[in-house]
Structures are given as structure tokens and as C-alpha cells.
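Asks: Provided below for reference: sequence and predicted model.
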Amino acid sequence: MMRVRRMLAAIGRFTRGQARFSLMAFGTGWGVLREAVIPSTWRRTVRIEFWKTLQQATKGALVSVLVTAALTGFGIVAQAVYWLGFAGIAQMTGSILSTVLVREIAPILVGMILLGRSGMLTLTELGTLTIGGELRVLKGMGVDPFLVFILPRSLAMMVSGFTLGIVFSIAALLVGYIVCRVEGVLSMPVWTFFDQVVSSVHAVDYLSIPGRLILSAFAIGITSCLTGVDATADDDLAALLPRGFARGMLAVMGINVLFSVMVG
Amino acid sequence: MSRNDATQNESIGRVHRTVALDPVLELQDARPRFEDGGLAAVRYNLRLNPGDLVLVECPDAQQASLFADLCVGLLPLVAGHVRCMGMDWQSLDERRRAALRGRIGRMVVNGGWVDLHGTDLNILWPHLHHTRVPTEVLARRAIELGIHFGLPGLPVSVPSKLSALDRCRADCVRAFLGEPALLLLENPLDDVPLSLLLAFLSSLTEARDRGAAIVWITRGTFPAGVGRIEATSRWRLHDDGLFLKRGA
């Protein structure tokens, strides 16, 4: 009987713990969006933190995104173009690339890079400040950590995620085109190739693609910041980092699956 | 002078008089809810008028820190009131609370330095957040204070790269910058050179003359130089609460 009780208690604790963070994340996300439209929110400290994070997230991840895009272009685009031509359905190249690469793969890969490079950094920084008591000191000075850290960082990551996603898609398609051109699989000019991809994008994808990129990056920002700020005195970085990574990945995957189900 | 002007001046004078009568900090039977972290959940009473200096002896750094947190409305109360400049912390919303805390200069035990920015930005941070004073003006004032406390200017390296003494000087700059109405100083000067002590005491006197109230919390005995300034009262903060010292 005791064992059953203990097991039920453990399940209850786990469920409550999971729901607690999700609800906190939704609440914080809503709070960020609501505060962001109030002009007085954008004080000098908030602006400084926003630009600093935007620079770190975008410039810092640019090389990684370009390398990943080149590898993806080489592996996926070139192979897709080659095999579709081989199967005699080369006219579907644009449609398949826009669906698979731009809509499905780009948000997840960019999300992973953003999570690894900026999300983990944010988590480490905020976790260290929380555990060390510096955030409480800032609060005592009237500087709200939500305003000066969570809000600007998650919004900067959102902008950065969209930018990197577009850079990734263009670079991957470009490298794929170059590979196919060099191997003699394609003979059309680059503009025609891009036109084929762009014209095969459905109207709904003009909302779905930016939506996935923006929401994934925003979720990474929120989960990373919250995991850091939510740290307790018993936590250390060894415990925080895997927790933050798992939460970030779940958020990215969840948002993309949700979009796939809803938009198709 | 027109009648309107006279009425206006009279009303402004009345407002000034009312403000002057308000204590800068008032703990009225304030009982914190926090029980297991070091600060006793008993009733605290303390009143600081403009220009007052209160010396509090507290051997426990954590207790001192929590007491300072109580003064800035960070600890929830189960009874009583804590008022700052006439405003009850509990009746204010979060934005107003933050704005009011911006009028308080603090020196905390662990420094509270954020290593994500340089020391210069750490010093200016609360004022950049709460005020619209141009950054250049703030920086100029911070440099003046830095020189007063013995720094060559405003340090730009991260706080952890500074020596303990320079961090203590930077701490003084951050606390006195922006002419705060209330100063909460937790163990501000532990084993510092005489020049820094004298600079600190002169800033303290200047702040009191301006009308600021000061709570100076120390671990044990106060530096000898403190004898030169006249404290309003001396208190003792222990496990059983806050008590006025005999003869104070």
C-alpha cells in the first residue's frame, strides 16, 4: 500500500512539476507580448539588453547556420533534385523543396542552433545570477529581472530566429543549386530555380513558415530564461543545462508539430 | 505677485511641509512571514526621518540582508506596515514599487554585481532604468564620485576583475549616485583604508544634509571614524528581533 502511495505521489509530483513550468511559460510569453507594446517598457536598460542579445544570437549563430545550410543544401537539395529528375518528376522539385526544406527542416535546425548557442548561454547566465542572489539584489534596486532580462532576450531571439531561418533557407537552396549545376543535373539559371521554389509555396505557407520560425525562437527564449530564473539554491549548472535543453527542444518540436497539424 | 501665484506658492509650500513630515522609512509593527531564513518573525518598529542616521549591529550577514529586504518591501508581511516616503509597500503595484526602490541607494553584503556587464554599466544600471537623465550626465556624476572615493574614474572591466577594495569603492559610487532619499548600507566598510572611510563619511554627511535617511548595518563594531558623526539612534538586530541599544 505504501509503495502504491509513494508511486502515485511521485507521478503526481512529476505531473504537477511539468504543468507548472508549461503554465509559467505561457504566462510569461503572454506577459512579454503585452509589455512589449507599452512604450515605457523600452527603457535604456531593456534596449541595451535587446541589442546585445540580438547581436550575440544573430552574429554568433550566423557561421553555424551557414555551415549547416551548406551541408543541408549539399545533402538534401542536391539529392532531391537528382532523384526527382531521375524519376522523371523534376517539375515537383520546387514544391518538394519548399515543403521539406523551407517549411519543415529550417525551423527545427535553426531552432536547435539557436538553442545551443544562445539559449544555453542565456540559461547559464540567468541561472548563475539567480543562484548567486544577484537577481534578488537587482529586484531590491527596483530593476525587474522580467523587464531587463526575460523580455528583451526572448524578443531578440524571436527576431534572430526569423532572420537566421531566412538566411538558412536561401543558403541551403543556393548551395544545392550550385552542387546540381556543377554535377550537370540542372541547367536552368539560379533565378529560375528560386522562382520555381517560391512559386510553389502555398499562400498559407507565407504565414506558416515565419510563424514556425518566430514562435520556435520565442519559445526557446522563454524556456531558457525561465529555466535560469526558476533555479533554486539546490540547483547547479549540471542540472540546469540538460533541463533547459530538453525544454527548449520539446518546445521547438511541439510548435512545429502543432503547425503541421493545423496548417498542413 | 498675483493672487493665483500666492495661492499656488502657498499650496506648494504646504505640499513641501507635508512631505517633510513624512518619515523616509517607517516600520510599524511589521511582522515578516519569512520564518526559516534567518529573520525572526517578530514585530519590527523603526522610524527614520529625513537626515536620520541609524546604526544597526547585526552579526549575521544573512539576517542583515533580510532586514534590508524587509525595508525595501521585498518580504511579505503577515502584520503591520512598512512605509517608504509615506507609501506602504503592500499597497503599491509592482511598477510603483520598482520606481520607489529606484530612490533607494543600497550596498549589499555580496555586492550584487552582475558580471554580464562592465562595472560602469553596473553602477549606472539602476539610474538608466529608472530615470531619463542623459547617460553622459550620469556617467560624469559617477566619475566625480569615483574620484571622490579613490577610483581613477569609472571602471569598465567586469566587477569580478576588480580588486576587493576597488569593488568596495565602486559599491560606494553606486549607492550614492543619483542622490537617493534612503540609503541601506550592509557592512559597507570592513577593513578599508582611512582615505576611503573619510570619503565615505563625508558623503554620508552630505546625504544627511540633503535630507536622506540612512540605515547603516554592521557585523560588529563600527569603524573608529564613525564616532565623528552623530547617529540618531543605535540598534541591535539579533535572533529575537530589533532592539534599541541602551544609552542610544
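Replies: Sure thing, it's come through. Computed from a predicted structure; not experimentally measured.
Asks: what is the least confident helix or strand in the chain?
Replies: Because you didn't say which chain, this covers chain A. When each helix and strand of chain A is scored by mean pLDDT, DSSP states H and E, helix A:93-96 comes last, with a mean of 74.
Asks: can you tell me how far B:Leu27 is from chain A?
Replies: Shown here: B:Leu27 relative to chain A, a distance of 16 Å by CB to the nearest CB, to the nearest Å. Using the backbone N, CA and C atoms, a C-beta is placed for each residue, glycine as well.
Asks: can you show me the CA trace of the helix or strand where that residue lies as PDB?
Replies: Using DSSP states H and E, B:Leu27 sits within strand B:25-32. Taking Å, rounded to 0.1, in the frame of the first residue of the first chain, the C-alpha atoms of strand B:25-32 are listed here in PDB:
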ATOM      1  CA  LEU B  25      11.300  54.900   6.300                       C
ATOM      2  CA  GLU B  26       8.800  53.600   8.800                       C
ATOM      3  CA  LEU B  27       8.400  50.000  10.100                       C
ATOM      4  CA  GLN B  28       5.200  49.900  12.100                       C
ATOM      5  CA  ASP B  29       4.700  46.600  13.900                       C
ATOM      6  CA  ALA B  30       5.900  44.900  10.700                       C
ATOM      7  CA  ARG B  31       6.000  41.200  11.100                       C
ATOM      8  CA  PRO B  32       7.500  39.300   8.100                       C
END
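Asks: give me every residue that touches residue 240.
Replies: All of this is about chain A. A:Leu240 makes contacts with A:Leu123, A:Thr124, A:Gly127, A:Thr227, A:Gly228, A:Ala231, as judged by CB atoms under 8 Å, 6 or more residues apart in numbering or on different chains.
Asks: try chain B instead
Replies: Contacts of B:Asp240 by CB under 8 Å, 6+ apart are B:Ala40, B:Val42.
Asks: low-scoring stretches of the chain, by residue?
Replies: In the absence of a named chain, chain A is used. Chain A contains residues with pLDDT under 70 at A:264.
Asks: actually it's chain B I care about, not the one you picked
Replies: Looking at chain B by pLDDT under 70, you get B:1-21, B:34-37, B:222-228, B:246-248.
Asks: residues from it in reach of chain A?
Replies: With the criterion set to CB under 8 Å from any CB of the partner chain, chain B comes near chain A through B:68-69, B:72, B:74, B:94, B:97-102, B:104, B:106, B:108, B:110, B:112-114, B:116, B:121, B:125-126, B:128-130, B:135.
Asks: just these: which are in helices?
Replies: B:68-69, B:94, B:97-101, B:121, B:125-126, B:128-130, B:135 (DSSP state H).
Asks: nearest to B:Gly211, out of those residues: which one, please.
Replies: B:Leu100 (16.3 Å; CB to CB).
Asks: surely the closest one and B:Leu92 touch.
Replies: Yes - counting by CB atoms under 8 Å, B:Leu100 touches B:Leu92, with 6.7 Å between them.
Asks: ranges for the helices of chain A?
Replies: A:2-36, A:44-72, A:78-86, A:93-96, A:106-114, A:120-132, A:134-140, A:145, A:151-183, A:190-199, A:205-229, A:237-263.
Asks: closest to B:Ile217 out of these?
Replies: helix A:134-140 (13.7 Å).
Asks: what does stretch A:165-179 contact?
Replies: A:62, A:65-66, A:68-70, A:72-74, A:76-78, A:80-81, A:97, A:101-102, A:106-107, A:109-110, A:186, A:190, A:193-194, A:197, A:209-210, A:212-213.
Asks: spell out which parts of the stretch 1-150 of chain A neighbour chain B.
Replies: Residues of the stretch 1-150 of chain A lying near chain B by CB under 8 Å from any CB: A:43-45, A:48, A:125, A:129, A:132-134, A:136-144, A:148.
Asks: how about 10 Å then?
Replies: A:40, A:43-49, A:52, A:125-126, A:128-129, A:132-144, A:146-149 (CB under 10 Å from any CB of the partner chain).
Asks: buried sites along stretch A:16-27?
Replies: By 16 or more other CB atoms under 10 Å in any protein chain shown, the buried positions in stretch A:16-27 come out as A:Ala25.
Asks: what subset of the residues of the stretch 1-150 of chain A next to chain B is buried?
Replies: A:43-46, A:48-49, A:125-126, A:128-129, A:132-144, A:147-149.
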